[in-house]
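1. Give me a model of this one.
(4 chains)
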Protein chains: 2
Amino acid sequence: MPDFIYNGKIYYNPVEFAMDQIGGTWKMPILWRLKGRKMRYSELQKDIPHITQKMLSTQLKELEKNGFITKKVFPTVPPKTEYALTAKGKRAIAVITVIREYGLELMKESGTTHRSAGE
Amino acid sequence: MPDFIYNGKIYYNPVEFAMDQIGGTWKMPILWRLKGRKMRYSELQKDIPHITQKMLSTQLKELEKNGFITKKVFPTVPPKTEYALTAKGKRAIAVITVIREYGLELMKESGTTHRSAGE
DNA sequence: CGGCATCCTGAACGATACTG
DNA sequence: CAGTATCGTTCAGGATGCCG
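-> As a prediction, the model looks like this:
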């Protein structure tokens, strides 16, 4: 598998590249929430359990930079922002869906303990 | 999305759970090599560029523990081991294929630079 | 050949406080 | 409301050396 360079970083395979774009703890959960509707910053924070404000902010910025989401700022008082998926972001949803269903399958197999509600 | 517990660790969503099982830098590349054939330790190490011995060893152990691969030891001199996919591991290949193709697609879009051969 | 033990670094992530 | 700034911690992963 060839090596690739993007933004000065070396990737050893396509999987690694994909995971750097939509992987990590928070990117898929964020994209997943935006499936189907625009959301405000505070909505996302309320909707995604355990995410810190710093992580939300950082990840949103990266997702925007990589073209998965758009950010629209309304210059009102108080300020208002809206995050939405781009076409690229919607394409990612298809992949996330596959991974997500696989995760559910694995959980079922593993007899993983359910703890609390919240999705 | 509910929280889950597995092996004493808390997961916030199915995606995170799946990624903990087959994610990280090396697990998918390893599983991918085992698609279709058994491989020895040294074969894997030669075949996967840049992986250190420690990472290969650690990841193989985790993959075995989680039921994705089997390890067969031949008590010969010198020692010989063979790693192979289980049914669970083969199921993972389907998911990896999707992610991998998505990665290739992303690379193409991104005009990512090709560096060297070697897959 | 097929590993394990040890030490170490850097990036990811978290907590807290502050601001336009 | 929607963030930024700063500081502290954790941990994946790398480097090196040794062993059955």
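2. for the residue of chain A most remote from its centre, helix, strand, or coil?
-> Taking Cα atoms, centre = their mean, the residue of chain A most remote from its mean C-alpha position is residue A:77, at 28.0 Å. At residue A:77 the chain is in coil, as set by DSSP: H, G, I helix; E, B strand; the rest coil.
3. so what's it up against?
-> Contacts here follow Cβ atoms under 8 Å, 6 or more residues apart in numbering or on different chains; on that basis residue A:77 touches nothing. Glycine gets a C-beta too; all of them are placed from N, C-alpha and C.
4. for chain A, longest helix please?
-> helix A:87-110 (DSSP state H).
5. Would it count as contacting chain B?
-> Yes: applying Cβ under 8 Å from any Cβ of the partner chain, one finds helix A:87-110 touching chain B at A:88, A:91-92, A:95-96, A:98-107, A:109-110.
6. Show me which residues of chain A sit near DNA strand D.
-> With the criterion set to Cβ under 7 Å from any atom of the strand, chain A comes near DNA strand D through A:40-43, A:53-54, A:57, A:60-61, A:71, A:73, A:78-81.
7. go with 6 Å
-> For chain A, the residues in contact with DNA strand D (Cβ under 6 Å from any atom of the strand) are A:40, A:41, A:42, A:53, A:54, A:57, A:78, A:79, A:80, A:81.
8. most neighbours, which of these?
-> Ranked by neighbour count (other Cβ atoms under 10 Å in any protein chain shown), the residues of chain A next to DNA strand D have residue A:41 at the top, with 17 neighbours.
9. Next one: the residue found closest to it once you drop the neighbours it is linked to in the chain from residue A:57, what distance?
-> Nearest non-adjacent residue to residue A:41, counting by Cβ to Cβ, 6 or more residues apart in numbering or on different chains: residue A:81, 5.3 Å away. From residue A:81 across to residue A:57, the span is 11 Å (Cβ to Cβ, to the nearest Å).
10. what do you get for residue A:111?
-> On the measure of Cβ to Cβ, residue A:111 and residue A:57 end up 36 Å apart.
11. ok, the most centrally placed residue in chain A - contacts?
-> Chain A has residue A:27 as the residue nearest its centroid, 2.6 Å off, counting by Cα atoms, centre = their mean. Contacts for residue A:27 (Cβ under 8 Å, 6+ apart) come out as A:21, A:59, A:62, A:63.
12. go with 7 Å
-> By Cβ atoms under 7 Å, 6 or more residues apart in numbering or on different chains, the contact set of residue A:27 is A:59, A:63.
13. Give me the phi and psi angles of it.
-> Residue A:27 adopts backbone torsions of phi -60, psi -40, taken as degrees, to the nearest 10.
14. okay, residue A:5: pLDDT?
-> We have a pLDDT of 86 for residue A:5.
15. can you give me the helices in chain A?
-> A:14-22, A:27-33, A:41-47, A:53-65, A:87-110.
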